[in-house]
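Chemist: Whatever this is, show me its structure:
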Amino acid sequence: MEFEEPVEVQRRFRSEGIDVHPTDSALVVFYEVEASVVSSQNEELLGESNRCQKIIRVPSLSRKTNIAALARQIIKKCRYLHPEMQPEIENSLEYLRQRNKLGGKKSKSAEQERKFLDEEPTDMVASLNDLDEYMEMMYEDINSKVKGSKLILQLARNPNNLEEIGAQTSLMKMLTRTMREDGLKSTPLLTNIVSIFFFFSSYSTFHPMLVQYKVGSTCLKIVAQEHSRSQLWQSDLLVLQKKMRQGKLTQEDLDLKIQKTTEIEFKQSQLLYVAFHLLLNLAESLDVETKMIKKNLIEYLVAALDRENYEFLTLIVTFLKKLSIFEDSKDKMVELDVVPRLAALVPSESPLLESYVLRLLLNLSFDKGSRLRMVEVGLVPKLAEMLMVEDAPIATLLTVLYHISMEKEHRHLFAGTEVVPVIMQLMLKSPNPNVELEPISLAINLAHDAKCAAIMSEGKGVNFILKRALRTHDPLLLKLTRALCSHPGKKELLLEFIDPLANQVHDSQDDPDMLVELIGILGCLDIPEFDFQQLADEYDLLPLLARLLLPTAHVADDLVLEAVVLVGTLLTDPACAPMVASTSIVVSLITLLKQKQDDDEIVLQIIYVWNKLLFYSDTREVVLHEVQAVSYLLDLMHDKNEAIRKVISSALDIVAECDATWAREIKMKQFSFHNSTWLENVLGEVPGEVEEGWPLSHFDPHMAIPADSTGPHAQFTQDIAVRDFADAMYGEEGDVYIDDEDDDDEYRDGFDRDQHAYYDEPRGQQFGTGGDYDDGGLWD
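Modeler: So this is what the prediction gives:
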């Protein structure tokens with residue numbers, strides 16, 4: 001494209017992140033290049049952006065390596081990185097150091113099996129000067145082709161030769177053509193050619209060339225072909241085993257066939273290893289990776305997990321781990337039931353393989369179905385045993401276990417393992433001021449299980465946790481304490497710590513995380529005969545709670561909830577009721593109820609506080625005189641939340657007994673609700689739509705009659721207010737009167753005998769009148 005005026009090309013770089021190379025000791029930097037052509041008037045004439053990546057080779061990392069200094073050096077030399085990324089780079093380098101450390105501890109059996117990509121001994125030494133001669137050998141018979149490809153492979157092993165080999169267009173075309181046409185004829189020939197391309201794929205510079213020659217697509221076809229062959233071999237072995245059981249084949253013949261198949265499978269594994277490794281290198285491009293996934297790559301990788309070679313399995317698991325960060329790929333792995341295959345690989349004699357399997361399990365554990373599968377295949381005891389091994393990847397193991405413990409039904413499985421003692425030691429012996437997130441998060445989940453909580457509370461477990469929490473001001477340890485003491489008989493363990501906990505409340509007003517846990521612990525102290533009045537007076541709790549509950553205080557919802565709960569707990573002591581009533585808390589709760597009406601938990605706790613105030617005669621008038629408070633109770637009497645309805649019903653019973661005006665209003669609200677529900681049900685059963693002048697005999701006496709009705713029964717369609725209509729239907733005790741001569745015997749006592757579900761109360765007590773006061777068991 002030509003421009004009539006002078007132009008300038010501008011390039012801008014934007015860093016998009018950094019990751020660890022899946023196999024090499026290197027970092028991969030992802031960045032975007034924006035190129036634009038700008039005119040002399042600084043107008044953009046043409047623009048384009050591309051996503052790129054750069055591989056930074058990292059030298060051998062040892063225990064003495066200064067990670068921080070190395071990170072600064074990398075930032076200084078790579079213009080795509082900025083100083084703010086130093087913590088992320090340090091974390092990646094630390095991971096590389098740990099991975100290299102694990103990689104250096106291979107067992108003898110794994111080392112003996114490591115034969116892939118090792119150069120086979122040969123008497124011939126390849127030379128670039130003889131490259132044309134090697135190409136001529138590729139046009140002869142199969143044996144010559146194998147020999148020629150082996151010599152070219154020998155040259156490709158030297159990175160300095162790759163550029164010159166890649167420049168030979170005729171050679172590259174010949175290799176790709178041979179790979180497609182003669183691949184089925186000789187596995188060694190195919191392995192040599194794929195290995196040549198593998199060494200090219202190790203460098204991103206050659207990736208466009210490999211894409212041009214469709215090397216990745218061809219390799220996927222090879223993988224698919226070998227997958228089918230492997231399935232065929234397994235079917236043949238099953239047939240032979242069946243023949244042996246039938247006496248048609250001897251054990252010796254079967255063993256010979258198995259040995260032969262094993263040798264063929266090892267050669268196939270060599271081919272698949274370089275093919276998968278080549279695809280892994282090309283998958284650095286997300287577009288290429290997406291195309292691979294669409295061609296069933298994940299299915300082939302999962303099937304390859306049945307192999308036994310550690311190096312081969314490490315490559316497969318590495319590839320799966322890379323793919324598992326995408327939800328679609330993860331879902332495909334779950335569909336193929338990959339978890340049992342991975343569970344069979346841990347623990348492993350190869351620390352490197354074990355490390356990658358655990359990281360893949362970690363990615364999969366974000367899926368609920370995968371967590372269930374992990375439990376079913378018995379992974380929890382395996383991971384628990386691995387926690388006891390020296391130099392085990394504790395953080396990864398605990399994170400996987402934490403995800404499994406997210407389901408309540410799985411938590412009891414941990415009680416029979418060493419997980420609980422291990423995390424207790426990690427928490428109590430942690431050298432850091434705050435306990436690491438992995439053990440404390442798992443501990444909090446497990447503390448909600450009675451069996452696990454009992455193990456944690458053995459001896460002076462709760463004492464040690466609380467002492468460390470108060471010393472280090474760690475809110476997560478306090479959250480753990482709350483969970484442990486939520487079980488029956490455990491709250492008494494807090495009694496000796498009431499004073500230090502209450503003292504910390506005022507000291508932690510600037511630390512919301514600490515404050516919410518401290519107030520939460522005090523709020524769960526529903527201990528019989530406990531003197532809450534002394535607690536509130538001695539530590540001046542009510543003024544603090546009144547400040548937190550002010551609608552203008554802008555306090556987080558979780559802190560508001562715990563403050564309301566603590567008010568409710570204080571009200572279990574009758575002596576505290578007048579103290580609460582004398583503060584601004586009741587008025588604040590009215591405003592908070594309006595603001596937090598979508599939060600069922602806060603609404604429930606506020607209503608519970610009002611219920612407690614109504615229960616005591618000394619404080620009942622405080623709520624009754626707040627018109628909005630009772631109005632809100634009426635609005636919520638038919639809330640969808642069953643727990644809220646239960647508390648509301650109990651509160652309204654008290655209101656109705658103590659105030660005749662409110663009793664009449666409550667009666668009307670209940671009648672209106674039941675009437676509208678009945679109408680909706682009956683009209684839904686009437687065929688067609690109800691027209692004007694519909695015979696009155698088709699309606700229940702409770703039905704509201706349209707004011708504008710006409711027809712033979714127009715005299716009954718007077719405009720009657722609902723309140724007056726209710727008075728006409730009820731006597732002094734709230735009973736509905738029905739004429740004894742009424743031919744319709746289906747409806748008696750004001751309700752449909754077949755539709756009891758529309759009434760919250762038993763018949764005869766529909767509207768809460770008369771009888772003893774029932775608190776719903778809230779204060780038993």
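
Chemist: which stretches of the stretch 651-780 of the chain have low pLDDT?
Modeler: Scanning the stretch 651-780 of the chain for pLDDT under 70 picks out the ranges 683-780.

Chemist: please redo it, this time with the cut-off set to 50
Modeler: 685-780 (pLDDT under 50).

Chemist: ditto for the chain
Modeler: 1-3, 104-114, 685-780.

Chemist: Can you tell me the centre-most residue of it?
Modeler: residue 366 (4.4 Å; CA atoms, centre = their mean).

Chemist: Confirm that it sits in a strand.
Modeler: No. Per DSSP: H, G, I helix; E, B strand; the rest coil, residue 366 lies outside any strand segment and is coil.

Chemist: That one touches residue 402, doesn't it?
Modeler: No. Residue 366 is beyond contact range of residue 402, at 11.2 Å (criterion: CB atoms under 8 Å). For glycine as for every other residue, the C-beta is placed from the backbone atoms N, C-alpha and C.

Chemist: Show the contacting residues for the nearest residue to residue 31 once chain neighbours are set aside.
Modeler: Spatially, and ignoring its direct neighbours in sequence, residue 31 is nearest to residue 80 (4.3 Å; CB to CB, 6 or more residues apart in numbering). Applying CB atoms under 8 Å, 6 or more residues apart in numbering to residue 80 gives the contacts 13, 15, 29, 31, 54.

Chemist: So among these, which ones count as buried?
Modeler: 15, 29, 31, 54 (16 or more other CB atoms under 10 Å).

Chemist: want to try JSON lines for those, with distance to residue 124 as columns?
Modeler: Converted to JSON lines, these look like this (distance: CB to CB, whole Å):
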{"residue": "15", "distance to residue 124": "47"}
{"residue": "29", "distance to residue 124": "41"}
{"residue": "31", "distance to residue 124": "44"}
{"residue": "54", "distance to residue 124": "37"}
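
Chemist: Mind checking which of these are in helices?
Modeler: Using DSSP state H, the subset of these located in helices is empty.

Chemist: And those, which is closest to residue 340?
Modeler: Nearest to residue 340 out of those is residue 29 (CB to CB; 36.8 Å).

Chemist: partner residues bridging that closest one?
Modeler: Per DSSP bridges, the residues bridged to residue 29 are residue 18, residue 54.

Chemist: could you measure it against residue 203, distance?
Modeler: 15 Å (CB to CB, to the nearest Å).

Chemist: what's near enough to touch the nearest residue to the residue nearest to the centre of the chain once chain neighbours are set aside?
Modeler: Closest residue to residue 366 apart from its sequence neighbours, by CB to CB, 6+ apart: residue 403 at 6.6 Å. For residue 403, the contacting residues are 362, 365-366, 371, by CB under 8 Å, 6+ apart.

Chemist: Next: residue 451.
Modeler: Residue 451 makes contact with 412, 415, according to CB under 8 Å, 6+ apart.

Chemist: Residue 379 versus that one, what's the distance?
Modeler: Using CB to CB, residue 451 is found at 19 Å from residue 379.

Chemist: Please apply the same query to residue 292.
Modeler: For residue 292 relative to residue 379 (CB to CB), the value is 28 Å.

Chemist: Likewise for residue 398?
Modeler: On the measure of CB to CB, residue 398 and residue 379 end up 14 Å apart.

Chemist: Show me what the helix or strand harbouring residue 218 is packed against.
Modeler: Per DSSP states H and E, residue 218 falls inside helix 215-245. Counting contacts by 3 or more CB pairs under 8 Å, 6 or more residues apart in numbering; DSSP states H and E, helix 215-245 is packed against helix 169-181, helix 187-201, helix 251-282, helix 286-294, helix 297-303.

Chemist: let's see it at 10 Å
Modeler: Contacts defined by 3 or more CB pairs under 10 Å, 6 or more residues apart in numbering; DSSP states H and E place helix 215-245 against helix 169-181, helix 187-201, helix 207-212, helix 251-282, helix 286-294, helix 297-303.

Chemist: what helices or strands is the second one leaning on?
Modeler: Okay, so that is helix 187-201. Helices and strands touching helix 187-201, as assessed by 3+ CB pairs under 10 Å, 6+ apart, comprise helix 142-156, helix 159-166, helix 169-181, helix 207-212, helix 215-245, helix 251-282.

Chemist: How far off centre is it?
Modeler: 41 Å (CA atoms, centre = their mean, to the nearest Å).

Chemist: Repeat that for the last one.
Modeler: Centroid separation between helix 297-303 and its chain, computed with CA atoms, centre = their mean, is 25 Å.

Chemist: Tell me the helix or strand right after that helix.
Modeler: Per DSSP H and E, the first helix or strand lying C-terminal to helix 297-303 is helix 310-323.

Chemist: now that next one against helix 286-294, angle please.
Modeler: On the basis of axes from the mean of the first three to the mean of the last three CA atoms, to 10 degrees, helix 310-323 is oriented at 110 degrees to helix 286-294.

Chemist: quick one: helix 310-323 to chain centroid distance?
Modeler: Distance, stretch centre to chain centre, for helix 310-323: 23 Å (CA atoms, centre = their mean).

Chemist: helix or strand right after it?
Modeler: Next element after helix 310-323 (DSSP H and E): helix 327-335.

Chemist: Pull out the buried positions in that following helix.
Modeler: 329-330, 332-334.

Chemist: next one: stretch 457-472
Modeler: For stretch 457-472, by 16+ other CB under 10 Å, it's 457, 461-462, 465-466, 468-470.

Chemist: Counting only strands, which of the residues you listed make the cut?
Modeler: The strands in this structure, assigned by DSSP state E, contain none of the buried residues of stretch 457-472.

Chemist: mind checking how far residue 216 is from residue 173?
Modeler: From residue 216 across to residue 173, the span is 16 Å (CB to CB).

Chemist: Same check on residue 357?
Modeler: Taking CB to CB, one finds residue 357 at 40 Å from residue 173.

Chemist: returning to what we had before: which one's more surrounded, residue 216 and residue 173?
Modeler: With neighbours defined as other CB atoms under 10 Å, residue 216 and residue 173 compare such that residue 216 has more, 25 against 11.

Chemist: Leaving out sequence neighbours, find the closest residue to that one.
Modeler: Closest to residue 216 by CB to CB, 6+ apart is residue 282, at 4.8 Å.

Chemist: and that neighbour, what does it touch?
Modeler: For residue 282, the contacting residues are 197, 201, 204, 207, 210-211, 215-216, 219, 288-289, 291-292, by CB atoms under 10 Å, 6 or more residues apart in numbering.

Chemist: Mind giving me the ChimeraX select for those, buried ones only?
Modeler: Typed into ChimeraX, the line below selects the buried ones among those, using 16+ other CB under 10 Å:
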select :197,201,204,207,210,215,216,219,288,289,291,292
